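**Q** next come a sequence and a model predicted from it.
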Amino acid sequence: MKVYYDQDTNLDAVKDKTIAVIGYGSQGRAQALNMKDSGLNVIVGLRPNGASWEKAKADGHTVMTIEEAAEKADVIHILIPDEVQADVYNKQIKQYLTEGKTLGFSHGYNIHYGYIVPPEGVNVIMVAPKSPGAMVRKTYEEGFGVPGLVCVEKDETGDALDIALGMAKAEGLTRAGVIKTTFREETETDLFGEQAVLCGGVTELIKAGFETLVEAGYAPEMAYFETCNELKLIVDLIYQKGLAGMWHDVSNTAEYGGISRRERVVNEESRKAMKEILKEIQDGRFAREWALENISGRPHLNAMRRLENEHLLETTGKKLRKMCGLEKD
Ligand SMILES: NC(=O)C1=CN([C@@H]2O[C@H](COP(=O)(O)OP(=O)(O)OC[C@H]3O[C@@H](n4cnc5c(N)ncnc54)[C@H](OP(=O)(O)O)[C@@H]3O)[C@@H](O)[C@H]2O)C=CC1
Ligand SMILES: CC(=O)[C@](C)(O)C(=O)O
């Protein structure tokens, strides 16, 4: 796969365009500030009575309603939650998508599953940082960036890829490296990652390890240190040096014990479950389930949030870090 870096990219295709960032949350704030600091003409489209309006104004942005921003912009970059994008698009954006404009996303979900169907004559691109928004901003301010993906679903003007790469450059992503892929690949791999590995898999592993130690009589603080706090340090090591580098840096005891026992934790059954999770993403079962959950007011998500927040890890983490001087007020 081709990786695009700073030296391969320029801002020519975007420097004279007005870019509307719709939404000012995790991604919206980070991407709007980075593009603005890179000299692009950014406007922010929000709902007037929402929490983001004042936040975006305080950050120095030109803020307006979603309709006004969509009408004024050459590029409309939708950075609101996936589950509300189709409704907002159909009611507040679609009518301003005139020929030659560009519609942008940071996740392929609504285009891939067909919840948003843009009109003819409009570019459809993706600029997707592979990182939470806060790190998109932090690394940019530190002079570097996070890696990202770009996609071109439709190129009506002949420069859709240049527009996507220009936005990626202005967001700092090409400092780390940007890969060109497709809406299908980004959607399916992103959903799989957040379900089976990053958010779902890892939190279940942490909770299972934490509960095993606490139920065996060890102090929650000890269990937290071992299964959560140190996990970050090990993952940092993997991020910097790869799996081999991490095994090199930990003790021989950890290396022997870890490699000889890990398949009793993540085993054939877990791998089979991962394959099933991916199949549900690929055949649309997850998307339909998530759509139904939202139509019915998110009863399951609300219940899961309550249970998750009552978990020992939520109360022990911050309190413990403060007790140990690892976290200031
Ligand atoms: N979170 C992440 O780290 C990543 C997210 N993405 C993708 O980026 C996109 C944005 O995600 P993310 O930044 O997490 O989203 P957030 O949940 O952080 O978005 C919050 C923003 O959306 C606005 N908003 C919420 N609901 C509505 C609505 N019904 N009408 C108008 N505005 C609304 C909020 O405005 P208000 O203040 O008025 O409520 C706020 O400005 C998604 O496609 C996501 O998949 C991609 C990579 C990483
Ligand atoms: C940070 C990221 O890309 C995630 C976890 O997939 C998301 O928040 O959507």
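**A** Received the coordinates, thanks. Ligands and ions are numbered 1, 2, ... in the order given.

**Q** check the stretch 1-150 of the chain for the residue nearest ligand 2 and tell me.
**A** Pro132 (4.5 Å; CB to the nearest ligand atom). Just so you know, the C-beta spots here come from the backbone N, C-alpha and C atoms, and that holds for glycine as well.

**Q** count of neighbours near that residue?
**A** Per other CB atoms under 10 Å, the neighbour tally for Pro132 reads 13.

**Q** just use 20 as the starting number from now, easier for me
**A** Got it, the first residue is 20 from now on, which makes the last one we talked about Pro151.

**Q** isn't it up against Gly44?
**A** No - counting by CB atoms under 8 Å, Pro151 stays clear of Gly44, with 10.8 Å between them.

**Q** gap between Met265 and ligand 2?
**A** 22 Å (CB to the nearest ligand atom, to the nearest Å).

**Q** if I pick that residue, what's in contact with it?
**A** Counting by CB atoms under 8 Å, 6 or more residues apart in numbering, Met265 makes contact with Ile253, Leu256, Ile257.

**Q** need the per-residue pLDDT for it.
**A** pLDDT recorded at Met265 is 96.

**Q** for the host helix or strand of it, the distance to its chain's centre please.
**A** Using DSSP states H and E, Met265 falls within helix 249-268. Here helix 249-268 is found 22 Å from its chain centre; the criterion is CA atoms, centre = their mean, to the nearest Å.

**Q** now that helix: buried residues?
**A** Across helix 249-268, burial judged by 16 or more other CB atoms under 10 Å covers Leu256, Met265, Trp266.

**Q** looking at the contacts of Met265, which is nearest Gly127?
**A** Ile257 (26.7 Å; CB to CB).

**Q** check contacts around the closest one.
**A** Going by CB under 8 Å, 6+ apart, Ile257 touches Gly264, Met265.

**Q** kindly report the same for Gly162.
**A** By CB under 8 Å, 6+ apart, the neighbours of Gly162 are Arg194.

**Q** now it: how far from ligand 1?
**A** Look at Gly162 and ligand 1: by CB to the nearest ligand atom, they are 21 Å apart.

**Q** assign that residue to helix, strand or coil.
**A** coil (DSSP: H, G, I helix; E, B strand; the rest coil).

**Q** how close does it get to Ala195?
**A** Taking CB to CB, to the nearest Å as the measure, Gly162 falls 11 Å from Ala195.

**Q** just Arg48 next, same as before
**A** 19 Å.

**Q** which one's more surrounded, the two?
**A** Each of Arg48 and Ala195 has its neighbours counted (other CB under 10 Å); Arg48 has more, 23 against 18.

**Q** which residues touch that one?
**A** Ser71, Lys74, Ala75, Asp78, Gly152, Arg156.

**Q** could you do Leu52 as well?
**A** Asp78, Arg156, Tyr159.

**Q** contacts only, for Lys34.
**A** Lys34 makes contacts with Gly58, Leu59, Gly185, as judged by CB under 8 Å, 6+ apart.

**Q** let's go with 10 Å and repeat that
**A** Contact criterion CB atoms under 10 Å, 6 or more residues apart in numbering gives Ser57, Gly58, Leu59, Asn60, Gly185, Ala189 as the residues in contact with Lys34.

**Q** which residues of this structure lie near ligand 1?
**A** Proximity of the chain to ligand 1, by CB under 6 Å from any ligand atom, involves residues 42-47, 65-66, 69-71, 98-101, 103, 107, 124-126, 147-148, 151-152.
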